[in-house]
Structures are given as C-alpha cells and as structure tokens.
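> Provide a 3D model corresponding to the input given below.
(one chain, ligands or ions: 1)
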Amino acid sequence: NKGKYEHYMQKEIHEQPESLTTTMRGRLKRGGSTKAKTVLLGGLKDHIKSIRRSRRIVFIGCGTSYNAALAARPIIEELSGVPVTMEIASDLVDRQGPIYREDTAVFVSQSGETADTLLALEYALENGALCVGITNTVGSAIARNTHCGIHLNAGCEIGVASTKAYTSQIVVMAMLALAIGDDAISSQARREAIIDGLFDLPNKVREVLKLDQEMKELAKLLIAEQSLLVFGRGYNFATALEGALKVKEVSLMHSEGMLAGEMKHGPLALVDENLPIIVIATRDACFSKQQSVIQQLHARKGRLIVVCSKGDAAAVCPGGSSSCRVIEVPQVEDCLQPVVNIIPLQLLAYHLTVLRGYNVDQPRNLAKSVTTQ
Ligand code: F6R
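This next block holds a predicted model:
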C-alpha cells in the first residue's frame, strides 16, 4: 500500500523518521541522572564478549548493504579498538580470502537471501568464524544460518532501490559499536553523545526531508546529463558510493562515488565546466580537507553541488553562491551524519528517475532480491 505516495521508493524515503524509530525501539536506554545511557541488543547478548575479544571484525555484504557497513566502519573501529575489514561478498568467495576462527564475520543483507552473501556465509562458517547477521527479514536464510544477529525492524522494503533499510543498517551498526565498546570508561562521554544523537535522529531526518522540493529543482537541472561524480571521505565515503549507486540504478544516469582523497590520483582529469560534481562537506574532522578539495575543483571550473552543514554555505563556496549550488543539511553527531546526508541524494535519484520517465520501483534488469550468482 503506497498510501499518499506515487511510488514505493518515494514512500520508503519519506517514512525514514518512523523506520529509524522502530529500529531503535527498546534498544536504547537513557536512564535517570545516575543511570548510564546504554544499548541493549537482545540477539547479541550471549556473544558480545566474544565479539569484543575477536582479532578482527569483517563486514560482508553487497551493494547498498556493503555501503552501510562502510559508513559504520569508522565508529566500530573507534569504539571497539578491533580492526575492521570490508569484503564484498562475491569477491571474498572469488578469492577464497582468509577468514579465521578468531574473526567475527558480520553479514549485512536487507533481504537475508542474497546468494553471494549466503555463499560467503557458508564459507565463513566452514572457516570457524563467529557469524553475525544483520537483516531486515525475520526467518531469512542469513538470519537462520548465522550464530546470532540483529534485526533491522525497518518494515518491509518494496522498492528495488534500498533506501530506508540503508539508514536503519547504519543505525544498527552504530548501536553495535556502542554495545561492543560498552566496557570502556575512556569513551563513555562519546558513547553518551552518540546515544543522545540517536534519540534525536528521527527529528533531524524529518528536517532533511524538507529538501524534497529543492532536490526536485536540482533534478530538473541535471535531467539531461550523461554523468555525475560524487566525492566523499571519512564517514561520508560511503555516502558518495551509495548516492552514486542510487542515481545509477534508478535514473539510469552514469554516476560514480569516489573517495575525495583519491581525487588527485586520477579523477581530477575528468573535471571541466560541464560535468556535475557533488561534494559531501558536512562538519567533521575531515571538513578542512574537503574545503581544499572544493577549492581545487573550483580552480578547474568544476560544476559544483556541495552538501554542507546548515550555515556553512559561505565556508564551502569559494567563489560565492554563483560558483556552486549548496544543499544545507542539519548537523548531527559525526558518525550519524551519513544517515542524514544520504537523504538528499535519495531524493535526487528519485526525482531524476521520475523526470526522465523511468520506472523507479522496478529499474530495468534488476531484482529486489538477488538469489542467483
Ligand atoms: C541497491 C540495492 C542492492 C542491494 C544488494 C544486496 O539499492 O538494493 O545493491 O543492496 O543487492 O541486497 P541485500 O541487502 O538484500 O543482501
């Protein structure tokens, strides 16, 4: 049932304040003044100590689910102190890459049925790793075959392009980071700030969804483009990959997400006055580096669209508002910023697709659940 919406993708983008609320429900505790703020992940309670003691955490997934894990990687590393590596499921299986008994392998999959991810799970089980599932589908193959796990509780996702599952996956993995790091006194203030940020996140998402009309206007400007680049780094490298994936899979426009730190190592050659480039430059520890990336793109007359924190338009636009288009988003705790930042890009992908006359809920050649290799 699409309710008041024209498409499932549109509905699922706009219901993110609610899906994030259900993802967090019953899992975050903010006690009275004496009680510390904590996270409770029922499905992991018997395994959290083993996860904390593991030699390495390996995230395994495909497409959007992989991108969500990439967004959460920095906070898991920071709060757990455990090295985190990333594997695209098919690539792990192709390489028969090393997985050990001392590893925790985390399988991220909205459907819980993706063939590549399932094969990687079989492989990790054979190698003796502790296997954790993060899925949106109770009773799915990945939920059944992992040792323990966390359900997204994001509600059924029907549009082929994953939207609300992505933001719920990031939130679940942020809660996982909090749960693993729960015994460290040194990071208590940081953990509490993140918990406060999680409580407030649905409101911030509601606020950023007000950009809908602005993103439709931007889509009108980009409707006839051949190509689009998206640059991000740090917490928002994932935003660049996921934003570009959304645009390419539904609007059928070529788009590439890139690590901004790699710009000078090749992609800079593409920059001219025609190619649209989105730069994610919200406030975090990488902000000044992103400012200099923008300056370099500007010096080469790049056609810039900058996603920045509210009030930062002047700080990110070297030549004033005529030289670039600015999308201002509410600022949240740095590790939660990818949840907010992806939303204008989801809206852009949606509007571009509708304006270009393509099927947004069922892009050509794609299936919601990829159950074959
Ligand atoms: C993109 C998309 C795909 C899936 C991928 C994995 O919008 O939906 O990239 O994310 O096929 O699917 P799951 O998460 O079901 O394993």
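
> Might you enumerate the residues of the protein proximal to the ligand?
62-65, 109-111, 114, 117, 161-162, 245, 249, 369-370 (C-beta under 6 Å from any ligand atom). Backbone N, C-alpha and C define where each C-beta goes, glycine included.

> who wins for neighbours among these?
Neighbour count (other C-beta atoms under 10 Å) singles out Ser109 as the most crowded of the residues of the chain next to the ligand, with 33 neighbours.

> residue ranges of the helices in the stretch 101-250 of the chain, please?
Secondary structure of the stretch 101-250 of the chain (DSSP state H, counting those that start in this stretch): helices located at 115-126, 141-145, 164-180, 188-208, 212-222, 237-246.

> Dump those to JSON lines, plus mean pLDDT and distance to Thr23.
Shown next, in JSON lines, are the helices of the stretch 101-250 of the chain (pLDDT from 0 to 100; distance: least, C-beta to C-beta, whole Å):
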{"stretch": "helix 115-126", "mean pLDDT": "98", "distance to Thr23": "20"}
{"stretch": "helix 141-145", "mean pLDDT": "98", "distance to Thr23": "15"}
{"stretch": "helix 164-180", "mean pLDDT": "98", "distance to Thr23": "4"}
{"stretch": "helix 188-208", "mean pLDDT": "97", "distance to Thr23": "10"}
{"stretch": "helix 212-222", "mean pLDDT": "98", "distance to Thr23": "22"}
{"stretch": "helix 237-246", "mean pLDDT": "98", "distance to Thr23": "17"}
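
> Using CSV, please lay out the ones you listed together with distance to His47.
Putting these into CSV (distance: least, C-beta to C-beta, whole Å) gives the following:
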stretch, distance to His47
helix 115-126, 15
helix 141-145, 15
helix 164-180, 10
helix 188-208, 20
helix 212-222, 41
helix 237-246, 25
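
> nearest to Leu229, of the ones you listed?
Closest of the helices of the stretch 101-250 of the chain to Leu229 is helix 237-246, at 7.8 Å (criterion: C-beta to C-beta).

> same for the closest one, what does it pack against?
helix 63-80, strand 227-232, strand 254-259, strand 276-281, helix 337-356 (3 or more C-beta pairs under 8 Å, 6 or more residues apart in numbering; DSSP states H and E).

> Now tabulate these in CSV and tack on mean pLDDT.
What follows is the helices and strands packed on helix 237-246, written out as CSV (pLDDT from 0 to 100):
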stretch, mean pLDDT
helix 63-80, 98
strand 227-232, 98
strand 254-259, 98
strand 276-281, 98
helix 337-356, 98
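
> okay if I get these as JSON lines plus distance to Ile88?
Conversion of those to JSON lines gives the following (distance: least, C-beta to C-beta, whole Å):
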{"stretch": "helix 63-80", "distance to Ile88": "6"}
{"stretch": "strand 227-232", "distance to Ile88": "18"}
{"stretch": "strand 254-259", "distance to Ile88": "14"}
{"stretch": "strand 276-281", "distance to Ile88": "22"}
{"stretch": "helix 337-356", "distance to Ile88": "19"}
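
> So which of those is nearest Ala154?
The nearest among these, by C-beta to C-beta, is helix 63-80 at 11.3 Å.

> Quick check: Pro267 touching Ala260?
No: counting by C-beta atoms under 8 Å, Pro267 stays clear of Ala260, with 9.3 Å between them.

> What are the buried residues along stretch 263-273?
Neighbour counts over stretch 263-273 (16 or more other C-beta atoms under 10 Å) mark Met263, Pro267, Val271 as buried.

> With only the CA atoms kept, save it in CSV.
The C-alpha trace of stretch 263-273 is given here as CSV (Å, rounded to 0.1, in the frame of the first residue of the first chain):
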residue,chain,number,x,y,z
MET,A,263,40.8,12.9,-6.5
LYS,A,264,44.3,13.9,-7.4
HIS,A,265,45.3,10.4,-8.3
GLY,A,266,43.2,10.3,-11.5
PRO,A,267,39.6,11.5,-11.3
LEU,A,268,40.7,15.2,-11.4
ALA,A,269,41.4,14.7,-15.1
LEU,A,270,37.6,14.4,-15.7
VAL,A,271,36.9,17.9,-14.2
ASP,A,272,35.7,20.6,-16.6
GLU,A,273,32.9,23.2,-16.7
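
> what residue lies at the spatial centre of this protein?
Per C-alpha atoms, centre = their mean, the C-alpha nearest to the average position across the chain is that of Ala68, at 3.7 Å.

> Please name the residues that touch it.
Gly61, Val108, Ala165, Tyr166, Gln169, Ile170, Met173, Ala238, Glu242 (C-beta atoms under 8 Å, 6 or more residues apart in numbering).

> now the residues you listed in CSV, with distance to Ala179?
Shown next, in CSV, are the contacts of Ala68 (distance: C-beta to C-beta, whole Å):
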residue, distance to Ala179
Gly61, 19
Val108, 16
Ala165, 20
Tyr166, 20
Gln169, 15
Ile170, 15
Met173, 10
Ala238, 21
Glu242, 24
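
> just those residues now: which is nearest Thr353?
Glu242 (15.8 Å).

> nearest spatial neighbour of the residue of the chain at minimum distance from the ligand, skipping sequence neighbours?
Using C-beta to the nearest ligand atom, Gly63 is the residue of the chain that sits closest to the ligand, at 1.9 Å. Nearest residue to Gly63, sequence neighbours excluded (C-beta to C-beta, 6 or more residues apart in numbering): Leu245, at 6.7 Å.
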